[in-house]
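**Student:** okay, predicted coordinates and the sequence, questions at the end:
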Amino acid sequence: MAGKKRKSPQQLQHQQPLGAPADYSSTASTKRSRLPKTHQKEQKLISSNLTSKILKEALNQQKEILEEEAGPQTLTAFSSVATDPSAASDSDGEGDLDAFDGFSETQSQYDGRVEEIDEEDEMVLAAFMSKDAGPQRTLADLIIQRIKEKDAEVASEVQPLPQLDTAIIDLYKGVGKLLSRYATGKLPKAFKHIPSLELWEYVLHLTEPEKWSPNAMYQATRIFSSNFGVRKAQRFYSLVLLPRVREDIQKNKRLHFALYQALMKSLYKPAAFFKGILLPLCESRTCNLREAVIVGSVIQKGSIPPLHSSAALMKMAEMEYCGTTSYFIKLFLDKKYALPYRVLDAVVAHFMRFLEDTRLMPVIWHQSLLSFVQRYKNELTKEDKDNLERLLQYQKHHLVTPEIRRELKNSRNRGEKEDDLMSIASPISVINKTIEEDRWDFPEVPMEED
């Protein structure tokens with residue numbers, strides 16, 4: 001039986017589909033029975049109703065982009081915002097915020113207990129705290145002060161601040177109610193627009209930050225630390241975040257884990273963290289050891305630029321002393337920064353202020369002095385060391401003071417090299433005697449006989 005006759009190339013060319021390329025081969029015919037791939041399937045036509053919805057959504061997104069590019073918005077710009085405060089935006093670049101799943105039950109509380117606290121240490125530290133410190137200043141106090149200033153401006157015929165629209169007031173009061181019970185999920189769209197407002201403090205006051213849930217405070221800190229400048233972030237930290245943190249520690253003897261994470265997020269702006277949280281905490285002179293340990297752990301774990309740390313250390317050394325200030329000073333000294341001489345001189349002057357202080361200094365004060373001498377003993381001048389030796393005669397601790405004196409003794413002065421320190425030590429005499437030998441005096445070597 002004869003085999004089947006193959007078709008010529010000319011015959012195959014006539015069987016090629018219309019519009020096929022010139023190198024279309026006969027192997028394509030064997031693949032006709034196969035199912036087409038996904039990208040090879042013919043796309044169905046989109047219905048007119050779906051097309052109109054797509055165009056409408058594209059116009060809405062384009063409108064939002066144009067509004068964001070227009071710059072800071074005024075309060076009247078929110079007259080078109082939906083009255084439903086739970087409406088959230090998915091196209092505002094905050095996808096990580098919308099994906100917030102909250103904190104697990106095992107992490108619901110940050111254990112801020114300080115095991116080393118005893119009654120004697122607390123009594124010593126209490127001697128350095130302010131007795132007549134006023135109440136903490138909050139955002140509500142600031143708003144009331146601004147309103148009084150505004151009334152004074154109106155009385156003097158100065159252009160007053162713009163009035164809040166009723167719809168805006170109702171909107172952000174509804175946002176505040178949502179934030180008071182917020183746990184997970186998306187944040188209200190109107191809340192995310194607060195950093196772009198000129199009167200953001202008034203709007204933020206409408207949401208009642210003192211009633212926010214810990215998770216809402218954490219989310220707010222993430223938004224404001226990213227979108228605010230240093231000055232505005234500092235005001236948010238000092239007027240909203242710091243009072244809430246101190247209140248939670250005082251009430252529960254520990255700090256909620258979400259609030260602790262909010263403190264960690266506030267380090268995104270180091271200058272705002274120091275000016276809004278750390279320095280006001282020290283200036284209040286009411287910071288107890290528990291608060292110092294919790295806030296100090298944020299400083300220990302966080303990565304802080306040396307320039308900001310040097311400025312904060314110098315500011316704390318110059319301010320009026322509080323017992324827990326020594327704890328913060330010790331934390332920065334233990335970070336082993338290369339501090340400028342100006343900062344070192346300020347720290348020396350800080351310790352010398354206690355030369356004639358008759359109060360019993362807390363143990364943390366002696367420990368901070370020991371840390372300072374251990375880290376920077378070779379960068380101190382001879383005059384500084386003499387002054388510190390004189391200080392140790394009046395301020396003594398039976399365990400710490402001998403260590404401080406030993407460190408000061410075994411150190412070189414500022415500007416001296418390590419070789420200069422070796423020259424101060426007792427000289428070691430080395431006798432180099434010339435080796436004398438007789439080249440003809442050598443031992444006998446046994447020879448084998450022939």
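**Tutor:** Alright, I've got the coordinates. Residues are numbered from 1 along each chain as shown.

**Student:** tell me the secondary structure at the closest residue to Pro306 other than its chain neighbours.
**Tutor:** Once flanking residues are discounted, Pro306 sits nearest to Tyr337: 4.7 Å by CB to CB, 6 or more residues apart in numbering. For every residue, glycine as well, the C-beta is placed using N, CA and C. Using DSSP: H, G, I helix; E, B strand; the rest coil, the structure places Tyr337 in coil.

**Student:** next, Tyr337: phi, psi?
**Tutor:** phi -70, psi 160 (degrees, to the nearest 10).

**Student:** ditto for Cys287
**Tutor:** Residue torsions, per degrees, to the nearest 10, at Cys287 are phi -70, psi 120.

**Student:** ok, it touching Ser326?
**Tutor:** No - using CB atoms under 8 Å, Cys287 is not in contact with Ser326, being 11.4 Å away.

**Student:** these two: who's more crowded?
**Tutor:** Ranked by neighbour count (other CB atoms under 10 Å), Cys287 and Ser326 place Ser326 first, with 26 against 23.

**Student:** what sits against that one?
**Tutor:** By CB atoms under 8 Å, 6 or more residues apart in numbering, Ser326 lies in contact with 362, 364-365, 367-368.

**Student:** how near is it to Tyr268?
**Tutor:** For Ser326, the distance to Tyr268 (CB to CB, to the nearest Å) stands at 27 Å.

**Student:** what is the mean pLDDT for stretch 379-395?
**Tutor:** The pLDDT scores in stretch 379-395 average 92.

**Student:** what residues sit buried inside it?
**Tutor:** 379-380, 384-385, 387-388, 391-392, 395 (16 or more other CB atoms under 10 Å).

**Student:** what do you get for stretch 165-174?
**Tutor:** Across stretch 165-174, burial judged by 16+ other CB under 10 Å covers 168, 171-172, 174.

**Student:** for stretch 361-375, same thing?
**Tutor:** Of all the residues in stretch 361-375, those buried under the rule 16+ other CB under 10 Å are 361-373, 375.

**Student:** can you name the next helix or strand after the helix or strand harbouring Val295?
**Tutor:** For Val295, the enclosing helix or strand under DSSP states H and E is helix 289-301. Per DSSP H and E, the first helix or strand lying C-terminal to helix 289-301 is helix 306-318.

**Student:** got the angle for the next helix or strand after that next one vs helix 289-301?
**Tutor:** Of the helices and strands lying after helix 306-318 in sequence (DSSP H and E), the nearest is helix 325-334. For helix 325-334 against helix 289-301, the angle between stretch directions is 10 degrees (axes from the mean of the first three to the mean of the last three CA atoms, to 10 degrees).

**Student:** domains of this protein?
**Tutor:** Domains of the chain are assigned by automatic domain parsing as 97-302, 305-416.

**Student:** how about those domains, which one is nearest Trp440?
**Tutor:** For the domains of the chain, proximity to Trp440 was assessed by CB to CB; domain 305-416 is nearest, at 54.1 Å.

**Student:** comparing the domains of the chain, which yields the minimum mean pLDDT?
**Tutor:** Taking the mean pLDDT of those, domain 97-302 comes last: a mean of 80.

**Student:** about what we covered before: out of the buried residues of stretch 361-375, the closest to Ala258 would be?
**Tutor:** Nearest to Ala258, judged by CB to CB, of the buried residues of stretch 361-375 is Ile364 at 29.0 Å.

**Student:** would you tell me what helix or strand that closest one is located in?
**Tutor:** helix 363-376.

**Student:** next structured bit after that helix?
**Tutor:** Using DSSP H and E, the next helix or strand after helix 363-376 towards the C-terminus is helix 382-392.

**Student:** report the inter-axis angle for that next one versus helix 363-376.
**Tutor:** Going by the same axes, to 10 degrees, helix 382-392 makes 160 degrees with helix 363-376.
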